[in-house]
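need coordinates for the following:
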Amino acid sequence: MVKISAELLASTPIRISPIEPSHELNLSGLKIPSIENLGVTKDQLSTILLSHNLIHSIPLLPRLLNLNSLVLSHNLIQSISPSISRSTPRLTSLILDHNRLELGELNALAGHPSLTYLDVRFNPASDTPKYRHWLIYSIPHLRVLDYERVTDKERKEAKDLFETSDGRPTAAAQDIRSLKSKGSDEDTSKNENTFIPGGEDTSKGRLLTAEDRENIRKAIMDADSVDEVARLERMLRDGFIPGQE
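This next block holds a predicted model:
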């Protein structure tokens, strides 16, 4: 498992696009468990690639005024900090396919001032009725959702569904807005139902020994897929520690 440390950020080459001026950092496929230390980049990046890792949430981020593309596909993301609009006000593209986001978590993106491209395919949210209309309605500048262009017809349908003739939210809109967001919690790593690598040293409410922690670390390092990590999570929730007889 690799942490986003100052040393990692300093040693990872920054790719400069010859076509469109941009600075790209690629940290994909490193089994990274959490997004951290991005302040070290001094807001010099326009694109950050973090796909195929073990990230559970988009946390409170430093102010990243130059960031316009964030790729987080194929992770374990369940929550998004409500501060994302303030932290990344110029973000235009957010790729979140193959994660674990419910529709309520996507409310964190509502009203984002510049988000135009969003991919949330293969999340629980995408199985929710009218999820597409809700995102079109709640994210004002959205132009492409799940790689399909947003049409004027969809915009009108979304407005009819979620806004009354006098500009008030409909009951359907109020219901979706009321969905609880895990991202509003101050510390999502304390969620008792989810094991987060590198997080709290507990399993079924008991303290883990040094041997337990080492067995967990080895199991995660040896995992070769997100499915394998999910299997380890289920074991830990049931009180089983990898490596125990």
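
distance of S51 from L30?
Going from S51 to L30 by Cβ to Cβ, to the nearest Å gives 10 Å. (Each C-beta comes from the backbone N, C-alpha and C, glycine too.)

typed the wrong thing, it's I4
Here the distance between I4 and L30 works out to 9 Å (Cβ to Cβ).

neighbour count winner among these two?
I4 (24 against 17; other Cβ atoms under 10 Å).

the more buried one touches I32, doesn't it?
Yes: judged on Cβ atoms under 8 Å, I4 makes contact with I32 at a distance of 6.0 Å.

what strand or helix carries the residue lying closest to D146 once chain neighbours are set aside?
The spatial neighbour of D146 that comes closest, neighbours along the chain excluded (Cβ to Cβ, 6 or more residues apart in numbering), is R121 at 5.0 Å. Counting by DSSP states H and E, there is no helix or strand that carries R121.

what are the ranges of the strands in this protein?
In chain order, the chain shows strands spanning 14-16, 23-26, 47-49, 57-58, 69-71, 79-80, 93-95, 117-119, 144-145, 148-149, 202-203, 206-207, with DSSP state E as the criterion.

now those as JSON lines including mean pLDDT, distance to Y131 and mean neighbour count?
Compiled in JSON lines, these are given as follows (pLDDT from 0 to 100; distance: least, Cβ to Cβ, whole Å; neighbours: other Cβ atoms under 10 Å):
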{"stretch": "strand 14-16", "mean pLDDT": "66", "distance to Y131": "34", "mean neighbour count": "12"}
{"stretch": "strand 23-26", "mean pLDDT": "90", "distance to Y131": "30", "mean neighbour count": "17"}
{"stretch": "strand 47-49", "mean pLDDT": "94", "distance to Y131": "25", "mean neighbour count": "20"}
{"stretch": "strand 57-58", "mean pLDDT": "96", "distance to Y131": "18", "mean neighbour count": "27"}
{"stretch": "strand 69-71", "mean pLDDT": "96", "distance to Y131": "20", "mean neighbour count": "20"}
{"stretch": "strand 79-80", "mean pLDDT": "96", "distance to Y131": "15", "mean neighbour count": "24"}
{"stretch": "strand 93-95", "mean pLDDT": "97", "distance to Y131": "15", "mean neighbour count": "20"}
{"stretch": "strand 117-119", "mean pLDDT": "98", "distance to Y131": "11", "mean neighbour count": "21"}
{"stretch": "strand 144-145", "mean pLDDT": "98", "distance to Y131": "9", "mean neighbour count": "18"}
{"stretch": "strand 148-149", "mean pLDDT": "97", "distance to Y131": "13", "mean neighbour count": "10"}
{"stretch": "strand 202-203", "mean pLDDT": "43", "distance to Y131": "34", "mean neighbour count": "16"}
{"stretch": "strand 206-207", "mean pLDDT": "50", "distance to Y131": "39", "mean neighbour count": "10"}
